[in-house]
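A.B. asks: one predicted model, sequence on top.
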Amino acid sequence: MTQVLSETDLLGLIQHGLKDNASARKKVLILGAGMAGLSAADMLLRAGHQVEILEAQNRLGGRILTLREPFAPGLYGEAGAMRIPKAHPLTLAYVEHFSLPTFPFTISNPRGYSHMNDQKMRLDEAHAAPDRLGFDVAPAERGKLASDLWDEVIASFARRVEQGGQAAWDEIVHTHDQYSVREFLETLGWSEGLIEMFGLFNNQESMMNSSFLELLREDVGGYYTDLVQIEGGMDRLPRSFLPQVKDCLRLGARVVALDQSPDEVIVHYQTYAGRFESRADYAIVTLPFPVMRHIEVLKPFSRPKQRAIRQLKYDASAKVFLQFRRRFWEMDDGIYGGGSVTDMAVRNVFYPEHGRETGRGVMLASYTWGEDAQRWGSLSPEDRLHQAIENIAEIHPQAFGEVEGGASQMWHDDPYAGGAFALFDPGQQTLLHEHILTPEGRYYFAGEHASLAHAWIQGAIESGLLAAHTIHNL
């Protein structure tokens, strides 16, 4: 089993490296050059081990993907990870390690818009008069925002965790793992109208059937309260590892089969030149489990591991970007950062805080998850842009005259990801989490799915550090 280290211990690894020990130096294969693979490689190389990284794509970063094309010079869109919570010290430690400048990511702006039930109003107006939104709430719920009531619920859980630490979390998992988000809200006695309001305003409507614990962990952990982004694009973080790993990195190498003997691992991979193999003492597998479903395992993994690979839920996610020749949301509407929320197909809109020096801007015109994202994926790339501009013009009529182009990313259709992030269904933390982490012979596992910080860079780094630490100390 991969060893458990405290957050303080993990920060020490980033700052000082693995402690020297008397064990022999090892050769380790790392499958995948996302943040889990890069952080594991960093640790092992600094400790003197021999490392080889196999990455199917011709870039680093995995689900950190900064789109610079087809946008004008100086503009970009974050197709993957786009923000770092101050509550994620491991990610920030690497940002500091590489001296990467950051600036705030504005999660909410009262000057943004709510566009629901064919009514458009500023978010501060919606907060001041929730009944104007037109949701069919119970009499006792009138005049209240679902998000404010949700904050009260989160505060009660946060107090339990603050007082009881890990023991409190263990008890919460024991008593609440079986609930979906919807089922938990129903236990609170919320009306259907209040649940609908919560789903729309909190971007949860398409995730109502996922595990309640996933949402609880993020909100208790403060994942959305104090955020930053990296100046010049989030891809600067994985690219900062390149000087160290460039000599042991093999790009364009798609893993097709895994094998092992009592003494070594054998990984078969495909390039444009043909099929090859690499051998090592151990391997760290950071590939998402949807990708693992299509890799042949010649000496089958245990039944619990096979079940985890088959059953672990990965959520869909879609982003649609539009480039505008003028930042009308700032100049005309006074919206600097933050976003707007809608019940239209675009659902959630984010206004860029970078690129002001160009006069233009790349708006995240739509950010969706789950079924909402699946529907975007069914459209052609060109039709996505047409749909997005039609919806954005409902909020900002100026958009029709200012749009210049756009791009989109569907993570559920990406062959190297198979989904945006792991997302437990009810009961899956109890059923699967331990088996996701458990090594299979000489194969160890890392990635955001091998943590409880699903969907975040923090989870990938944590799992990569733990796997490297475990192998180092074998």
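C.D. replies: Yep, it's here.

A.B. asks: for stretch 307-325, which positions count as buried?
C.D. replies: When neighbours are counted by 16 or more other Cβ atoms under 10 Å, the buried residues of stretch 307-325 are found to be 308-309, 312-324. In this view, the C-beta of every residue, glycine as well, is placed from N, C-alpha and C.

A.B. asks: stretch 6-17 now?
C.D. replies: By neighbour count on 16+ other Cβ under 10 Å, the buried set for stretch 6-17 is 10-14, 17.

A.B. asks: now the residues you listed as CSV including secondary structure?
C.D. replies: Formatted as CSV, the buried residues of stretch 6-17 follow (DSSP: H, G, I helix; E, B strand; the rest coil):
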residue, secondary structure
Leu10, helix
Leu11, helix
Gly12, helix
Leu13, helix
Ile14, helix
Gly17, coil
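
A.B. asks: out of those residues, who's nearest Gln374?
C.D. replies: Nearest to Gln374 among these, counting by Cβ to Cβ, is Leu10 at 35.3 Å.

A.B. asks: so what pLDDT did that closest one get?
C.D. replies: Looking at Leu10, its pLDDT stands at 96.

A.B. asks: dump the residue contacts of it.
C.D. replies: By Cβ atoms under 8 Å, 6 or more residues apart in numbering, Leu10 lies in contact with 90, 462, 465-466.

A.B. asks: let's see 6 Å
C.D. replies: 90, 465 (Cβ atoms under 6 Å, 6 or more residues apart in numbering).

A.B. asks: which elements pack onto the longest helix along the chain?
C.D. replies: As assigned by DSSP state H, the longest helix anywhere in the chain is helix 146-176. Secondary-structure packing of helix 146-176 (3 or more Cβ pairs under 6 Å, 6 or more residues apart in numbering; DSSP states H and E): helix 192-201, helix 212-220.

A.B. asks: closest to Arg375 out of the buried residues of stretch 307-325?
C.D. replies: Of all those, Arg375 sits closest to Ala318, with 8.3 Å by Cβ to Cβ.

A.B. asks: check which helix or strand covers that closest one.
C.D. replies: strand 317-324 (DSSP states H and E).

A.B. asks: what element comes up after that strand heading to the C-terminus?
C.D. replies: Note on strand 317-324: by DSSP H and E, the next helix or strand toward the C-terminus is helix 328-331.

A.B. asks: so what strands line up beside the helix or strand following that following helix?
C.D. replies: Under the assignment DSSP H and E, the closest C-terminal helix or strand after helix 328-331 is strand 339-342. Sheet partners assigned to strand 339-342 using DSSP bridges are listed as strand 113-116 (parallel), strand 348-350 (antiparallel).

A.B. asks: can you name the residues in contact with the shortest one?
C.D. replies: This means strand 348-350. 203, 339-341, 364-365, 367.

A.B. asks: to Glu277, which of the helices and strands packed on helix 146-176 lies closest?
C.D. replies: Among these, helix 212-220 sits nearest to Glu277 (Cβ to Cβ), with 37.9 Å.

A.B. asks: extract the C-alpha set from the closest one and format it as CSV.
C.D. replies: Extracted in CSV, the C-alpha atoms of helix 212-220 (Å, rounded to 0.1, in the frame of the first residue of the first chain):
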residue,chain,number,x,y,z
PHE,A,212,-22.5,14.4,-1.9
LEU,A,213,-19.0,13.9,-0.3
GLU,A,214,-17.3,15.3,-3.5
LEU,A,215,-19.1,18.6,-3.1
LEU,A,216,-18.8,18.7,0.6
ARG,A,217,-15.0,18.1,0.6
GLU,A,218,-14.5,21.0,-1.8
ASP,A,219,-16.7,23.5,0.1
VAL,A,220,-15.4,22.6,3.6
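
A.B. asks: the inter-axis angle of that helix versus helix 146-176?
C.D. replies: For helix 212-220 against helix 146-176, the angle by axes from the mean of the first three to the mean of the last three Cα atoms, to 10 degrees is 130 degrees.

A.B. asks: where does the protein have low pLDDT?
C.D. replies: Low-confidence segments of the chain (pLDDT under 70): 1-3.

A.B. asks: quick one, domains of it?
C.D. replies: 7-56+235-312+441-472, 138-220, 315-413 (automatic domain parsing).

A.B. asks: fine, thanks again, bye for now.
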